[in-house]
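K.L.:
pasting the structure only:
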């Protein structure tokens, strides 16, 4: 069956949200201490100096009147008058596999996508489509328990698809009629998390978006769902009650030489399976972890560059950790583990291809396609008040 006969993820999980547009880089950092120092520098500045440090755009200035982000207890007064402490940073996914910290203040973010924040809770998972790069061997779809910014490794905006349309794991973000069709074909109830797991394992990149072939055979479906669940658990890194990813004892990476305060470059010795971070050494590091790419960008290189690249002087981005943080080494060890485990599962993804598929004609006959317009819109949230600009409340 041709790839064009397979549905798009956009048709299976129809509600999607555009990538976050931060508007200014200083509100995101690999550590919380840096964000608090940047905030303090901003509120110490006055008048034009504060506006310059802030980095005004058409969407945001220090005088913008903005509602609070859903679920975040941040101020809504104009930032030009702000003098309080830094809002508590939250963990976000910055591009593929890079968990960083963000100041969750709507006054700082050009396009924060409030509809995502409304459904971001302990039950939610986010599917993040990766930009299509011809010839790229990396995954077309990643999954996160923390709010993702929806950017590719190259910084291009993608689409974010929550698994559920409402808080509390209610109302799966699936095309109407899809669970019933799949349940009938496979002879058992098919759940939303199974559809996501299959998509994580089977999605293929295309210029039109991620393509998700659906197998006709129940055995292939079960195999793919199990593979996708393993891939998802690795990416969640212990979130949602799971175990943190670990390689077997003899293959577990360890720090052999401490990472220096200011490592110059990241290199890899394939013969010795050793990652060099300046004079620091980590081994064993499987070749699959070093070679792991998303959108033709090596993940480890990108992660390292974001922590060591020289910022522009005189900006808030220039306020940063002066030395390599100890927690970064722990995060690097975990990232190596994540990439190595996912690399080992890659052959299983390829084995899912080639089986007989459910056709678009069958999806159309069942009423799954075309997707109803209402399924592409966010669900209404009517059960709580959210603070609007200047402390006013609105019922949404």
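P.N.:
Thanks, I have it. Only a predicted model underlies this, so the values are computations on that prediction, with no experimental measurement involved.
K.L.:
How about residue 349: what's its closest non-neighbour residue?
P.N.:
Closest residue in space to residue 349, ignoring its immediate chain neighbours: residue 201 at 5.7 Å, by C-beta to C-beta, 6 or more residues apart in numbering. C-betas here are computed from N, CA, C, even on glycine.
K.L.:
The strand or helix carrying the one you found: how far from the chain's middle?
P.N.:
Residue 201 belongs to helix 192-202 when assigned by DSSP states H and E. Centre-to-centre, helix 192-202 and its host chain are 16 Å apart (C-alpha atoms, centre = their mean, to the nearest Å).
K.L.:
From the contact counts, what lies against the helix or strand that that helix is followed by?
P.N.:
Counting by DSSP H and E, the next helix or strand C-terminal to helix 192-202 is helix 218-236. Applying 3 or more C-beta pairs under 8 Å, 6 or more residues apart in numbering; DSSP states H and E, we find helix 218-236 packed against strand 141-144, helix 178-186, helix 192-202, helix 326-351.
K.L.:
if we go to 7 Å?
P.N.:
strand 141-144, helix 192-202, helix 326-351 (3 or more C-beta pairs under 7 Å, 6 or more residues apart in numbering; DSSP states H and E).
K.L.:
I'd like the ones you listed written out as JSON lines, with mean pLDDT, mean neighbour count and distance to residue 61 added.
P.N.:
Formatted as JSON lines, the helices and strands packed on helix 218-236 follow (pLDDT from 0 to 100; neighbours: other C-beta atoms under 10 Å; distance: least, C-beta to C-beta, whole Å):
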{"stretch": "strand 141-144", "mean pLDDT": "97", "mean neighbour count": "24", "distance to residue 61": "31"}
{"stretch": "helix 192-202", "mean pLDDT": "97", "mean neighbour count": "24", "distance to residue 61": "39"}
{"stretch": "helix 326-351", "mean pLDDT": "96", "mean neighbour count": "18", "distance to residue 61": "33"}
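K.L.:
Using CSV, please lay out these together with distance to residue 106.
P.N.:
Output for these, formatted as CSV (distance: least, C-beta to C-beta, whole Å):
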stretch, distance to residue 106
strand 141-144, 21
helix 192-202, 28
helix 326-351, 27
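K.L.:
Residue 251 is nearest to which of those?
P.N.:
Minimum separation from residue 251 across those (C-beta to C-beta) falls at helix 326-351, 7.8 Å.
K.L.:
chain center to that closest one: distance?
P.N.:
The answer for helix 326-351 is 15 Å, by C-alpha atoms, centre = their mean.
K.L.:
same check, this time on stretch 63-76
P.N.:
Chain-centre distance of stretch 63-76: 23 Å, with C-alpha atoms, centre = their mean.
K.L.:
Could you do stretch 313-326 as well?
P.N.:
Put simply, stretch 313-326 sits 24 Å off its chain's centre (C-alpha atoms, centre = their mean).
K.L.:
gap between the two ends of it?
P.N.:
One end of stretch 313-326 to the other measures 25 Å (C-alpha to C-alpha, to the nearest Å).
K.L.:
And for the closest residue to residue 341 other than its chain neighbours, the neighbour number?
P.N.:
Closest residue to residue 341 in three dimensions, ignoring its sequence neighbours and counting by C-beta to C-beta, 6+ apart: residue 234, at 4.9 Å. Per other C-beta atoms under 10 Å, the neighbour tally for residue 234 reads 21.
K.L.:
what do you get for the one 4 residues further on?
P.N.:
By the measure other C-beta under 10 Å, the count of residues near residue 238 is 12.
K.L.:
Settle this for me: it is touching residue 244, isn't it.
P.N.:
Yes. Residue 238 is within contact range of residue 244, at 3.9 Å (criterion: C-beta atoms under 7 Å).
K.L.:
Look up the pLDDT of the residue lying farthest from the centre of the chain for me, please.
P.N.:
Most distant from the centre of the chain: residue 47, at 35.8 Å, with distances by C-alpha atoms, centre = their mean. We have a pLDDT of 94 for residue 47.
K.L.:
any idea how far it is from residue 69?
P.N.:
27 Å (C-beta to C-beta, to the nearest Å).
K.L.:
Next, count neighbours for the closest residue in space to residue 157 that isn't next to it in sequence.
P.N.:
Spatial nearest neighbour of residue 157, chain neighbours left out: residue 19 (3.6 Å); criterion: C-beta to C-beta, 6+ apart. When neighbours are defined as other C-beta under 10 Å, residue 19 has 21 of them.
K.L.:
Pretty sure residue 19 sits against residue 156.
P.N.:
No. Between residue 19 and residue 156 there is no contact under C-beta under 7 Å: 8.4 Å.
K.L.:
List the contacts of the residue most central in space within the chain.
P.N.:
By C-alpha atoms, centre = their mean, the chain has its centre lying nearest to residue 148, at 3.4 Å. Contacts for residue 148 (C-beta atoms under 7 Å, 6 or more residues apart in numbering) come out as 92-93, 126, 128, 160.
K.L.:
number of nearby residues for the residue nearest to it when sequence neighbours are not counted?
P.N.:
Excluding the flanking residues, the one nearest residue 148 by C-beta to C-beta, 6+ apart is residue 93, at 4.0 Å. Other residues within reach of residue 93, judged by other C-beta under 10 Å, total 24.
K.L.:
and residue 93, what is it in contact with?
P.N.:
Counting by C-beta under 7 Å, 6+ apart, residue 93 touches 99, 144, 146, 148-149.
K.L.:
which one among those gets closest to residue 28?
P.N.:
Distance to residue 28 across the contacts of residue 93 (C-beta to C-beta) is lowest for residue 149, with 8.0 Å.
K.L.:
Could you check how far that closest one is from residue 356?
P.N.:
Using C-beta to C-beta, residue 149 is found at 38 Å from residue 356.
K.L.:
Would you mind telling me which of those two has more residues around it?
P.N.:
Set residue 149 next to residue 356 and count neighbours by other C-beta under 10 Å: residue 149 wins out with 23 against 11.
K.L.:
just checking, what packs against the host helix or strand of residue 40?
P.N.:
Using DSSP H and E, residue 40 sits within helix 32-44. The elements that helix 32-44 packs onto, with contact taken as 3+ C-beta pairs under 7 Å, 6+ apart, are helix 47-54.
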